[in-house]
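[1] following is a predicted model, sequence given first.
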Amino acid sequence: MIPHDPTIVWKPLTNPDQNPELHLTNGLLPRNPRGRGSQSWWADRLEDALEATEQKQALDNGRRYMRKGQIVEMQLQPGRVVARVQGSADKPYETAIHLPTLDDEQWARVIERLLQQLDAVAELMAHIMPRTIEESFSAVDARLFPLNLNDWQISCTCSEENAPCTHAFAAMFLFIDRFDTEPFLLFLLRGRGRQELVSKLRQSWGMGMLDDEEEEDEESLVSNYDLATFFNMRGELPEYAGTPPPPEGIKVIRRLGFPPFFPAGDRTVQQTLENLYEE
């Protein structure tokens, strides 16, 4: 049985408080403390799809809401992002952002294509989105990245007439902020998360799947150590006298000449070695 990725939930460490102006003082904040936006090409691509909107005021307000921590909670499930965003009302608005998922047959074909691109799989395992990833999806007449806001279905409990509203933009910007460091979030939004994808790949390679007991064993192994002292020295190091200088002296360095593995014209290494021999 393939394990399914659970719903991902982001909550503040403490209960959000409100000031008289209905601004949260400790809601969810972007990982980038200055809120300067994404750092990766994949997050930039998702953000570019938002920037193409005609709702510029709502876009700017949503970005400001995200940076100020106006989001009380956000959940990610296959096909949708749901967030509670504090606006001008007493209670937070609830906004939902839907993106169509791929069916089982499409995902099976995508995984089959990924198995032919081991370098892409290696990048994903390192939390890097491969630049060739869309090739695996276009081959099955699907897309991983939405082209524009028309690919999304957006709803909100607020009374703003035009969509997307401020609160939806705030949720999308926070999702992009999290997506910036974890590419698998978009896979989950399209229907398959990291755990399920990795299990499918392992099964295709004949490696078997990690069951819950194996994961628990790994966790218990880690918990056996005191993290506060794990990297501390267990005792004094024995006295070490060092390596005695070679008897040949500096002439051997000059006779051997410039190291062939170093860039031509750079004499830093040779000069450094000569200085050490002189000492």
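    Looks like it came in fine. Numbering: from 1, shown residues only.
[2] contacts, neighbours, all on C-alpha from now
    Will do.
[3] which stretches of this structure form helices?
    Assigned by DSSP state H, the helices in the chain fall at 41-51, 56-68, 104-114, 118-125, 133-138, 166-179, 184-189, 194-204, 212-223, 251-256, 268-278.
[4] low-confidence ranges, this protein, go.
    Along the chain, the model assigns pLDDT under 70 to residues 1-7, 10-26, 32-38, 205-279.
[5] still on that earlier bit, what about the helices of the chain, which gets the closest to Lys91?
    helix 166-179 (12.9 Å; C-alpha to C-alpha).
[6] how about the contacts made by the closest residue to Ala58 other than its chain neighbours?
    Using C-alpha to C-alpha, 6 or more residues apart in numbering and skipping residues adjacent in sequence, the residue nearest Ala58 is Thr166, 4.5 Å away. Residues in contact with Thr166, defined by C-alpha atoms under 8 Å, 6 or more residues apart in numbering, are 58-62, 65.
[7] if you set the cut-off to 10 Å instead, what comes out?
    55-66, 85, 87, 95, 156, 158, 160 (C-alpha atoms under 10 Å, 6 or more residues apart in numbering).
[8] one more: Tyr93?
    Contacts of Tyr93 (C-alpha under 10 Å, 6+ apart): 71-72, 83-87, 156-159, 167-168.
[9] ok, back up a step: which of the helices of the chain is buried the deepest?
    helix 166-179 (a mean of 25; mean count of other C-alpha atoms under 10 Å).
[10] what angle sits between that one and helix 41-51?
    170 degrees (axes from the mean of the first three to the mean of the last three C-alpha atoms, to 10 degrees).
[11] let the chain start at 7 from now.
    All set: I'll call the first residue 7, so the last point we hit is now helix 172-185.
[12] any idea of the angle helix 172-185 forms with helix 62-74?
    Using the same axes, to 10 degrees: helix 172-185 against helix 62-74 is 50 degrees.
[13] export helix 172-185 to PDB, keeping only CA atoms.
    Extracted in PDB, the C-alpha atoms of helix 172-185 (Å, rounded to 0.1, in the frame of the first residue of the first chain):
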ATOM      1  CA  THR A 172      -6.600  40.600  -1.200                       C
ATOM      2  CA  HIS A 173      -6.900  37.500   1.100                       C
ATOM      3  CA  ALA A 174      -6.500  35.000  -1.800                       C
ATOM      4  CA  PHE A 175      -3.300  36.800  -2.900                       C
ATOM      5  CA  ALA A 176      -2.000  36.800   0.600                       C
ATOM      6  CA  ALA A 177      -2.500  33.000   0.800                       C
ATOM      7  CA  MET A 178      -0.900  32.500  -2.600                       C
ATOM      8  CA  PHE A 179       2.100  34.600  -1.700                       C
ATOM      9  CA  LEU A 180       2.600  32.600   1.500                       C
ATOM     10  CA  PHE A 181       2.300  29.400  -0.400                       C
ATOM     11  CA  ILE A 182       5.000  30.600  -2.800                       C
ATOM     12  CA  ASP A 183       7.200  31.500   0.200                       C
ATOM     13  CA  ARG A 184       7.000  27.900   1.500                       C
ATOM     14  CA  PHE A 185       7.300  26.500  -2.000                       C
END
